[in-house]
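Participant: Fold the following.
(2 chains)
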Amino acid sequence: MKKLTSLVMIVALMGIHLQLPSQLPCNNYHRKAGCSMASETGFIYNSQSRSGLFARGTTSKLKAVFYSGFDYSITICPDAALGSDIQFTLSDATDGYIIYDSNADNKSMHMEFSCETTRNMIITVIIPGGAVKGHAQDGSCLGILIEQMVTPKVGF
Amino acid sequence: MKKLMFHSVAVAAVAFSISASSCGNDADNNTPVDSNAADTGITTTVNTQDMVRVPSPNDIFQFMKTLGPNSGDGNLLNPTENEKKYASKKSQALNLGVYSADLLYASTFDVKDKVLGYFGTAMRMGTTLQVTTGLSDKDKNRISQNAGNADSLIAVGNDLYLSTFSNLEENDRGTDLSLMLAGGWIESMYLSCNMVKDFEKDKAMANKIAEQNASLENLVEYMTTYESNADVASVLQDLKALKGLFDAVASTAKEAPTQEKGKRMKIGGGSQKEITKDQFDAIHKKIDEIRKGFVESN
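Facilitator: Predicted coordinates for the structure are as follows:
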């Protein structure tokens, strides 16, 4: 009887799904200190920012809304294990036209812009394949931090 | 020896159940990864999980606020007393979004006397839905201590919304998150539409509402991932009907080129919305109808 009860408990344990508070290791990686490269104070966090687990040789896209009348700062924050040759682009979500390519900007991990009109745009992060010296090839965290501020008025 | 083996099996069973539940359980959200992406030094366009994002109620209100409405109307908000009647998971998730938007509206548009009440309601709705956030009743003190400081009140409301969002996302509760996003978006739009008092005088604001077609597009795209769920499907049907009204609004292509201006690029192009009164009225009416369905559901 004792053994039967114990067996039932084992089976029951295998059926339980325990909800752990944080099942993703990279949660909020983009909010870590030192991620933001915004050029001035006044930029505030935009909720469309995102972090994820990436590996060498992967590409990921984030589609977000950018409003007219706002200035935006986009910073890519990768873990060192992902290397320093990461590329990111900003493209129009409707026709795929590439508006910005970090490869043409000294492989910068940051850019700022304002929009004439409200539109959806896609941030694409491209991590080349190949090992990074001194690092294992496991997945590592990368954050896409989007910040915004009302476009400053100029003139009188 | 038999006892030792038995205990080992028991420990293994516990370890298995924990690790099994740690893995994502929402198959809808994952795209396959090419396991042949090897260390050749050549970039392979292997897709990881692509993401579509929806602006939060705070993002939407900050956008509307640029045209000047400084104060809001607390009478427009979903009464906190309605909280008691939300028995189904669907109505709870929808109205978690609604109340989160109400909290942010109250914080942003100077309806200070409502902030504490809506904070409590949004917290309780989250608890009912078994959402773990880093916030507690102690954060109510932040509200009381910062009653005159709009930025601090917005920060508290934002912290609650974002931590709720994160918790649902981390735990692969895409269905609940879809409904919360829908509730928050519709409530934000309902409150924004009510900022247009006179169409001709407030036409710029009406056009800003028309521009939210972009965020609705993303919301529909996100929710489509979970449309196998009947609750999500029913809400999605309403949102797609609304999308049709938004899509009918004419837009004019903007030819201004993209320019580099110092450190900040000015991105030209895109299109400018030009909404008519009839179109605005139709959109407003549909949003009211959807919102009524959310807040009166049980």
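Participant: what are the ranges of the helices in chain B?
Facilitator: Assigned by DSSP state H, chain B shows helices spanning B:2-22, B:57-65, B:89-108, B:112-128, B:139-145, B:150-170, B:174-193, B:203-211, B:213-224, B:230-247, B:277-295.
Participant: Between helix B:174-193 and the fourth one, find me the angle.
Facilitator: Between the axis of helix B:112-128 and that of helix B:174-193 there is an angle of 160 degrees, by axes from the mean of the first three to the mean of the last three Cα atoms, to 10 degrees.
Participant: Flag every buried residue along helix B:112-128.
Facilitator: Buried residues in helix B:112-128, defined by neighbour count with 16 or more other Cβ atoms under 10 Å in any protein chain shown: B:112, B:114-123, B:125-126, B:128. No exception for glycine: its C-beta is placed from N, CA and C like everyone else's.
Participant: one step back: reformat the helices of chain B as TSV; add distance to A:Lys133.
Facilitator: Output for the helices of chain B, formatted as TSV (distance: least, Cβ to Cβ, whole Å):
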stretch	distance to A:Lys133
helix B:2-22	31
helix B:57-65	40
helix B:89-108	46
helix B:112-128	45
helix B:139-145	45
helix B:150-170	32
helix B:174-193	38
helix B:203-211	47
helix B:213-224	39
helix B:230-247	46
helix B:277-295	54
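Participant: Least confident of those helices, on average?
Facilitator: Mean pLDDT per stretch puts helix B:2-22 lowest among those, at a mean of 47.
Participant: Could you list the paired strands of the lengthiest strand in chain A along with their orientation?
Facilitator: As assigned by DSSP state E, the longest strand anywhere in chain A is strand A:140-150. Note on strand A:140-150: by DSSP bridges, its sheet partners are strand A:44-45 (antiparallel), strand A:50-54 (antiparallel), strand A:70-78 (antiparallel).
Participant: Next, format those as JSON lines and append mean neighbour count.
Facilitator: JSON lines is the format used below for the strands paired with strand A:140-150 (neighbours: other Cβ atoms under 10 Å in any protein chain shown):
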{"stretch": "strand A:44-45", "mean neighbour count": "18"}
{"stretch": "strand A:50-54", "mean neighbour count": "21"}
{"stretch": "strand A:70-78", "mean neighbour count": "22"}
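Participant: got these as JSON lines, with mean pLDDT and distance to A:Val125 columns?
Facilitator: Formatted as JSON lines, the strands paired with strand A:140-150 follow (pLDDT from 0 to 100; distance: least, Cβ to Cβ, whole Å):
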{"stretch": "strand A:44-45", "mean pLDDT": "92", "distance to A:Val125": "19"}
{"stretch": "strand A:50-54", "mean pLDDT": "89", "distance to A:Val125": "7"}
{"stretch": "strand A:70-78", "mean pLDDT": "96", "distance to A:Val125": "6"}
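Participant: circling back: between the helices of chain B, which one is closest to A:Asn120.
Facilitator: Closest of the helices of chain B to A:Asn120 is helix B:213-224, at 5.0 Å (criterion: Cβ to Cβ).
Participant: re earlier: format the helices of chain B as CSV; extra columns: distance to chain A.
Facilitator: Listed next are the helices of chain B as CSV, based on distance: least, Cβ to the nearest Cβ, whole Å:
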stretch, distance to chain A
helix B:2-22, 4
helix B:57-65, 5
helix B:89-108, 11
helix B:112-128, 14
helix B:139-145, 17
helix B:150-170, 5
helix B:174-193, 10
helix B:203-211, 4
helix B:213-224, 5
helix B:230-247, 12
helix B:277-295, 16
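Participant: which stretch among the ones you listed comes nearest A:Pro152?
Facilitator: A:Pro152 sits nearest to helix B:57-65 of all the helices of chain B, at 14.9 Å, using Cβ to Cβ.
Participant: just checking, what packs against that closest one?
Facilitator: Under the contact criterion of 3 or more Cβ pairs under 8 Å, 6 or more residues apart in numbering or on different chains; DSSP states H and E, helix B:57-65 touches strand A:140-150, helix B:89-108, helix B:150-170, helix B:174-193, helix B:203-211.
Participant: Tabulate the ones you listed (CSV), appending distance to B:Gln272.
Facilitator: Converted to CSV, the helices and strands packed on helix B:57-65 look like this (distance: least, Cβ to Cβ, whole Å):
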stretch, distance to B:Gln272
strand A:140-150, 19
helix B:89-108, 25
helix B:150-170, 29
helix B:174-193, 18
helix B:203-211, 8
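Participant: Please convert those to a markdown table, extending it with distance to B:Gln259 and mean neighbour count.
Facilitator: Shown next, in a markdown table, are the helices and strands packed on helix B:57-65 (distance: least, Cβ to Cβ, whole Å; neighbours: other Cβ atoms under 10 Å in any protein chain shown):
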| stretch | distance to B:Gln259 | mean neighbour count |
| --- | --- | --- |
| strand A:140-150 | 19 | 22 |
| helix B:89-108 | 32 | 28 |
| helix B:150-170 | 32 | 20 |
| helix B:174-193 | 31 | 26 |
| helix B:203-211 | 22 | 21 |
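Participant: Tell me which residue is most central in chain B.
Facilitator: Centroid-nearest residue in chain B: B:Leu181, 3.2 Å away (criterion: Cα atoms, centre = their mean).
Participant: returning to what we had before: out of the helices and strands packed on helix B:57-65, flag the one nearest B:Phe294.
Facilitator: helix B:89-108 (4.6 Å).
Participant: Dump the closest one to PDB, restricted to CA.
Facilitator: Presented in PDB, the C-alpha positions along helix B:89-108 are these (Å, rounded to 0.1, in the frame of the first residue of the first chain):
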ATOM      1  CA  LYS B  89     -10.600  34.300 -17.500                       C
ATOM      2  CA  LYS B  90     -11.400  36.200 -20.700                       C
ATOM      3  CA  SER B  91     -13.100  39.100 -19.000                       C
ATOM      4  CA  GLN B  92     -10.400  39.200 -16.300                       C
ATOM      5  CA  ALA B  93      -7.600  39.400 -18.900                       C
ATOM      6  CA  LEU B  94      -9.400  42.000 -21.000                       C
ATOM      7  CA  ASN B  95     -10.100  44.200 -18.100                       C
ATOM      8  CA  LEU B  96      -6.700  43.900 -16.600                       C
ATOM      9  CA  GLY B  97      -5.700  45.700 -19.800                       C
ATOM     10  CA  VAL B  98      -8.600  48.100 -19.500                       C
ATOM     11  CA  TYR B  99      -7.800  49.000 -15.800                       C
ATOM     12  CA  SER B 100      -4.100  49.300 -16.600                       C
ATOM     13  CA  ALA B 101      -4.900  51.800 -19.300                       C
ATOM     14  CA  ASP B 102      -7.300  53.700 -16.900                       C
ATOM     15  CA  LEU B 103      -4.500  53.900 -14.400                       C
ATOM     16  CA  LEU B 104      -2.100  55.400 -16.900                       C
ATOM     17  CA  TYR B 105      -4.700  57.800 -18.200                       C
ATOM     18  CA  ALA B 106      -5.400  59.000 -14.700                       C
ATOM     19  CA  SER B 107      -1.700  59.500 -14.100                       C
ATOM     20  CA  THR B 108      -1.000  61.200 -17.400                       C
END
